[in-house]
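Visitor: What shape does this take:
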Amino acid sequence: MSATAAEIDDYLSRYAGTLAAFDAGAAAELWGTPGMILDDRSAGVLDSREEMARGLERSYPLYRKLGLASVGYERLSHEQLSEKVVLVRVRWLFFDADGAQLTDSFGSYILRRDDAGLRAFVCVPADDAEKIQDLAARKGIDLFDETT
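Guide: Numbering: from 1, shown residues only. Take a look at the predicted model:
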């Protein structure tokens, strides 16, 4: 059975919800293992959901300081690569408590269906580091401050 747009949107909605709720455990459950983050700077593999959750939790103080309150998305495209594997391109939208857009970010994900449904196995973020740096600069936040 191939992934449908509705199934992909359900996955992305649940993932966005875990990010906005700062729920690292729930976000990690939406990943398969091992999970890989691959970008121009590095390639990293996380062998367990516990590692994934710890990595996400380390970013939460900064996201809170930046004012993140909710996350939305636009599914830009999806391509069925095999019966259970789909490539999804997403634009993430990050909002503050007043509903104003803080920034956005583009990424591509390779999702695979298992018994629990779709799970991410690879994420290729396109511009998230640059967008976070820009947002932090606009808000006067030093990303290299040890307390961030």
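
Visitor: ok, now how distant is Ala26 from Lys131?
Guide: Distance of Ala26 to Lys131, given as C-beta to C-beta, to the nearest Å: 24 Å. From N, CA and C alone the C-beta is placed, and that goes for glycine too.

Visitor: ok, longest strand in this protein?
Guide: Ranked by residue count under DSSP state E, the longest strand found in the chain is strand 101-114.

Visitor: strands paired with it, and their directions?
Guide: In the sheet, strand 101-114 lines up against strand 85-95 (antiparallel), strand 117-125 (antiparallel) (DSSP bridges).

Visitor: could you give the mean pLDDT of the last one?
Guide: Per-residue pLDDT over strand 117-125 has a mean of 97.

Visitor: what does the first one give?
Guide: Confidence for strand 85-95, expressed as mean pLDDT, is 98.

Visitor: and that strand, which residues are buried?
Guide: Judged by neighbour count using 16 or more other C-beta atoms under 10 Å, the buried positions of strand 85-95 are Val85, Val86, Leu87, Val88, Arg89, Val90, Trp92, Leu93, Phe94, Phe95.

Visitor: what sits up against it?
Guide: Strand 85-95 has contacts (C-beta atoms under 8 Å, 6 or more residues apart in numbering) with 2-3, 8, 12, 16, 68-81, 101-113, 118.

Visitor: can you count the residues close to the closest residue to Ala69 other than its chain neighbours?
Guide: Nearest residue to Ala69, sequence neighbours excluded (C-beta to C-beta, 6 or more residues apart in numbering): Ala97, at 4.1 Å. Ala97 has 9 neighbouring residues, counting by other C-beta atoms under 10 Å.

Visitor: quick one: Ala97 is in a strand?
Guide: No - assigned with DSSP: H, G, I helix; E, B strand; the rest coil, Ala97 falls outside any strand and is coil.

Visitor: Let me know whether it touches Gly67 as I believe.
Guide: Yes - Ala97 is within contact range of Gly67, at 7.0 Å (criterion: C-beta atoms under 8 Å).

Visitor: Can you give the contact residues for the helix or strand hosting Thr18?
Guide: Assigned by DSSP states H and E, Thr18 belongs to helix 5-20. Residues external to helix 5-20 that are found in contact with it (C-beta under 8 Å, 6+ apart): 23-24, 26-27, 30, 68-73, 75, 78, 86, 88, 90, 92, 111, 117-118, 120.
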